[in-house]
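Undergrad: Give the three-dimensional model of this entry:
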Amino acid sequence: RRQALMECLAQQQGRGDQVRGALRLPVQAAAADGADARGAIRPAALQELRGVPEPVARVDFQAKLWICPFCYTRNHFPTHYANISPESQPAELYPNYTTIEYTVQQPNPPPPAFLFVLDVCQLEQELAAVRASLTQALSLLPENARVGLITFGTHVHVHELGFAECAKSYVFRGSGTYTREAVAGQLGLTGAAAGQQAPGATGTQAGGQGGAERFLLPVSECEFQLTTLLEELTHDAFPVQPEQRPARCTGPALAVATGLLGSTAAGSGGHILLLLAGPATEGQGTVVSRENADAVRSWKDINKGSAPFYNKARKYYEALGQQLVANGHVLDVFACALDQCGLAEMKVCVEATGGHMVLAESFHHEVFKKSFQQLFSAEVLGLAFNATYEVFASKDVKILGNIGPCASLGKRTPFVADASVGVGGTAAWKIAGIDASTTLATYFEVGGAAGQQQAPGGAAGGMGAGAQFFLQFVTRYTHANGSVRCRVTTITRRWSETASPHELVPGFDQEAAAVLAARHVCWKMESEDDYDATRSVDRMLIRLCSTFGEYNKDDPASFRLPPQLSIFPQFMFNLRRSQFLQVFGNSPDETVYFRSVLNREAANNALVMIQPTLLSFSMGAAPEPALLDVSAIQPDRILLLDAYFSLVVFHGTTIAQWRKANYHHQPEYESFAAMLGAPQEEARAIISERFPVPRFVDCDQNGSQARFLLAKLNPSNTHNAQNGGTGGEVIFTDDVSLQTFMDHLR
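TA: Numbers count the residues shown, from 1 in each chain. A predicted model of the protein is given here:
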């Protein structure tokens with residue numbers, strides 16, 4: 001099992017200094033090896049527990065106090081710890097409990113709310129697919145979960161589910177500007193969030209129900225009304241000229257949804273699920289004009305500053321994201337269209353709230369259907385919401401920032417560095433929604449003026465040889481069952497006792513380092529205009545190899561890396577070729593989608609995105625890992641490529657010919673039938689556990705879709721090879737092979 005916390009040494013291009021980072025899962029199940037402890041605590045005691053004692057703290061059992069290793073202050077234990085002693089210690093002080101979680105049970109927690117925001121500017125066939133998926137989603141939600149529906153096209157329609165006599169909705173102009181107060185006033189929700197009656201209402205309003213109950217109802221009470229409403233839903237009634245796009249007011253629709261949910265469910269768990277079928281063309285948040293002659297912005301347009309709507313739309317969605325974060329709500333976007341839908345502009349809003357992005361070709365596609373279904377599973381929907389994530393460090397370790405799905409709380413502490421990486425300038429962040437795989441990359445800065453002097457006598461916290469330093473990660477969140485929890489992880493390490501960099505090698509995690517480097521490079525590409533990502537990765541790798549490699553001068557063949565770093569150059573080779581750095585051939589929406597998933601997934605999943613895995617299936621043999629190289633292609637083999645966003649089952653020429661001859665349907669070829677079914681079963685197992693669901697490609701050698709595999713393989717045999725190739729599969733590319741890359745690195 002991969003650990004929740006992984007440390008690595010990375011190199012920051014520019015100043016040439018060293019940056020340390022950690023990949024942290026704020027919410028995770030208790031470890032089976034005893035590294036975690038859980039315990040219940042009274043609500044008053046949790047408020048009283050300002051700091052959290054840890055195994056590395058110094059404890060005075062007589063005075064019932066402990067000394068914080070970060071600020072050296074003396075803190076009294078809570079009153080319910082009055083009977084502790086050296087023989088009877090709380091779990092926080094056990095050395096093998098690096099993580100502890102406090103739990104407070106809340107009476108009658110509010111149920112979660114789900115507000116579906118549906119784009120109706122689409123064909124009837126697409127609407128039918130959406131209706132089927134939404135109807136299925138209602139059966140997957142808890143019965144007490146509150147649901148609501150907003151549809152939008154030229155205008156925004158807020159449907160009143162509590163009005164049973166007929167279909168009733170409130171209409172907002174698609175060109176308008178809406179604040180939370182304006183939405184609440186028009187819907188009659190003033191005071192509704194507190195269960196008060198709307199002003200001007202007499203007893204009952206709009207069918208016998210007032211306030212929030214008119215628009216957000218438990219599934220058990222409104223399933224029939226909502227299903228009927230979905231069945232009667234039709235395409236946007238406003239006509240569209242042949243040379244124009246439909247009027248789609250995505251921005252105002254999200255503003256109305258934010259105002260509605262903020263007025264009825266502020267502070268409780270809530271999700272806005274946006275089902276989008278095209279780019280916004282009306283109102284605030286517009287990403288393209290209505291004229292078909294005007295193409296949606298490309299990377300070239302963005303880099304040249306010739307995308308007229310891009311910056312304004314990003315600022316608009318960023319402001320919406322701040323409102324959602326303040327209310328503790330999550331925005332999930334399902335963009336299903338052949339054209340771009342504006343994910344590049346909405347990314348700031350989705351990532352700030354901890355939401356998900358899913359990109360598919362249509363609502364009929366399996367990627368959307370299965371991803372939408374898996375969203376409502378316990379693992380994906382969110383183990384927690386309304387979380388705060390805080391980091392404490394020793395005085396010589398400064399916090400640069402976080403890269404991941406979070407928003408700054410603006411908490412400046414002595415632990416915060418002057419420079420920033422990702423969401424920086426703070427030691428605390430808010431995450432509106434967390435699931436089991438949500439991972440934050442926290443970056444640290446070591447040294448500086450504060451770290452040049454060693455603490456007196458080599459005390460903990462100084463940068464003297466062998467001195468200790470500490471890191472603590474505190475996550476406070478509301479669990480899906482309504483309980484409030486505080487999860488604390490504390491680790492300690494020692495500074496290197498010598499000036500030799502080789503002393504750092506045993507603690508180097510090359511897998512975590514690759515993920516941290518990938519996130520850092522992607523952030524630099526988005527935040528700096530003239531950043532050369534490939535050159536930066538090369539310089540970082542050269543610096544690392546020259547520091548930790550062993551070689552004889554002027555003898556490239558003698559170059560060796562320690563085992564802890566031996567695969568890191570291969571990770572960087574595949575990162576240079578990945579869709580995260582190479583934007584050519586990908587739209588801004590696609591690139592933003594790929595990077596967004598990279599920035600939230602755990603290290604094991606992120607590594608598959610950077611360097612895909614390849615399995616080989618052959619007759620009479622068990623499946624075995626294969627090199628990610630063109631030499632793995634053989635006529636009598638089946639390959640299964642897992643590139644995270646896509647799964648490719650690739651049949652060699654001989655296997656494809658046997659399959660087309662239907663040999664697998666004959667009883668005497670049962671082994672061949674089993675061979676054909678094995679990669680399919682493996683692919684189905686991967687699809688059932690992954691979110692977002694990957695695209696499945698079933699192809700044959702020399703077929704058109706074989707490009708999905710060839711694009712990921714190491715091009716060791718190309719059309720312009722000096723030796724004419726090795727006689728196997730040939731890749732037509734000008735990219736260098738891994739061997740050439742390593743030769744130049746040496």
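
Undergrad: For residue 746, give its distance to residue 565.
TA: Distance of residue 746 to residue 565, given as C-beta to C-beta, to the nearest Å: 14 Å. The C-beta positions use only the backbone N, C-alpha and C, and glycine is treated the same way.

Undergrad: correction: residue 92
TA: Distance, residue 92 to residue 565, using C-beta to C-beta: 36 Å.

Undergrad: can you map out the strands along the stretch 301-450 of the chain?
TA: For the stretch 301-450 of the chain, strands defined by DSSP state E, counting those that start in this stretch occupy the ranges 329-336, 357-360, 384-393, 397-403, 407-408, 428-434, 440-446.

Undergrad: do the same with the stretch 151-300 of the chain
TA: According to DSSP E, counting those that start in this stretch, the strands that the stretch 151-300 of the chain contains are 156-159, 169-172, 217-218, 270-276.

Undergrad: As PDB, could you dump the C-alpha coordinates of the last one?
TA: As requested, C-alpha coordinates have been extracted for strand 270-276 and formatted as PDB (Å, rounded to 0.1, in the frame of the first residue of the first chain):
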ATOM      1  CA  GLY A 270     -23.600  20.800  -1.800                       C
ATOM      2  CA  HIS A 271     -22.700  19.900  -5.300                       C
ATOM      3  CA  ILE A 272     -23.500  21.800  -8.500                       C
ATOM      4  CA  LEU A 273     -23.400  19.400 -11.400                       C
ATOM      5  CA  LEU A 274     -23.100  21.200 -14.700                       C
ATOM      6  CA  LEU A 275     -24.000  19.200 -17.800                       C
ATOM      7  CA  LEU A 276     -22.600  21.200 -20.700                       C
END
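
Undergrad: sorry, back to before: which of residue 746 and residue 565 has more residues huddled nearby?
TA: Set side by side, residue 746 and residue 565 show more neighbours around residue 565, with 19 against 15, by other C-beta atoms under 10 Å.

Undergrad: out of the strands of the stretch 151-300 of the chain, which comes closest to residue 629?
TA: Residue 629 lies closest to strand 270-276 among these, at 39.0 Å (C-beta to C-beta).

Undergrad: which residue sits closest to residue 508, ignoring its sequence neighbours?
TA: The shortest distance from residue 508 to any non-neighbouring residue, by C-beta to C-beta, 6 or more residues apart in numbering, is to residue 564 (4.6 Å).

Undergrad: which residues touch the residue of the chain most remote from its centre?
TA: Computed with C-alpha atoms, centre = their mean, the residue of the chain farthest from its C-alpha average is residue 668, at 48.1 Å. Residues counted as contacts of residue 668 (C-beta atoms under 8 Å, 6 or more residues apart in numbering): none.

Undergrad: ok so, going back, I'd like the strands of the stretch 151-300 of the chain laid out as JSON lines, including mean neighbour count.
TA: Formatted as JSON lines, the strands of the stretch 151-300 of the chain follow (neighbours: other C-beta atoms under 10 Å):
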{"stretch": "strand 156-159", "mean neighbour count": "24"}
{"stretch": "strand 169-172", "mean neighbour count": "18"}
{"stretch": "strand 217-218", "mean neighbour count": "18"}
{"stretch": "strand 270-276", "mean neighbour count": "26"}
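
Undergrad: Take those and write them to JSON lines, including distance to residue 481.
TA: Formatted as JSON lines, the strands of the stretch 151-300 of the chain follow (distance: least, C-beta to C-beta, whole Å):
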{"stretch": "strand 156-159", "distance to residue 481": "30"}
{"stretch": "strand 169-172", "distance to residue 481": "34"}
{"stretch": "strand 217-218", "distance to residue 481": "17"}
{"stretch": "strand 270-276", "distance to residue 481": "16"}
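
Undergrad: I'd assumed residue 711 was in contact with residue 630.
TA: No. Shown here, residue 630 and residue 711 do not form a contact pair, counting by C-beta atoms under 8 Å, at 11.1 Å.

Undergrad: Where does the prediction get shaky in the stretch 251-400 of the chain?
TA: Scanning the stretch 251-400 of the chain for pLDDT under 70 picks out the ranges 378-383.

Undergrad: likewise the stretch 51-200 of the chain?
TA: Using pLDDT under 70, the flagged stretches of the stretch 51-200 of the chain are 51-52, 105-107, 190-200.

Undergrad: any idea how far the residue nearest to residue 261 when sequence neighbours are not counted lies from residue 525?
TA: Excluding its sequence neighbours, the residue lying closest to residue 261 (C-beta to C-beta, 6+ apart) is residue 270, at 5.0 Å. As judged by C-beta to C-beta, residue 270 and residue 525 stand 32 Å apart.

Undergrad: All good on my end, thank you.
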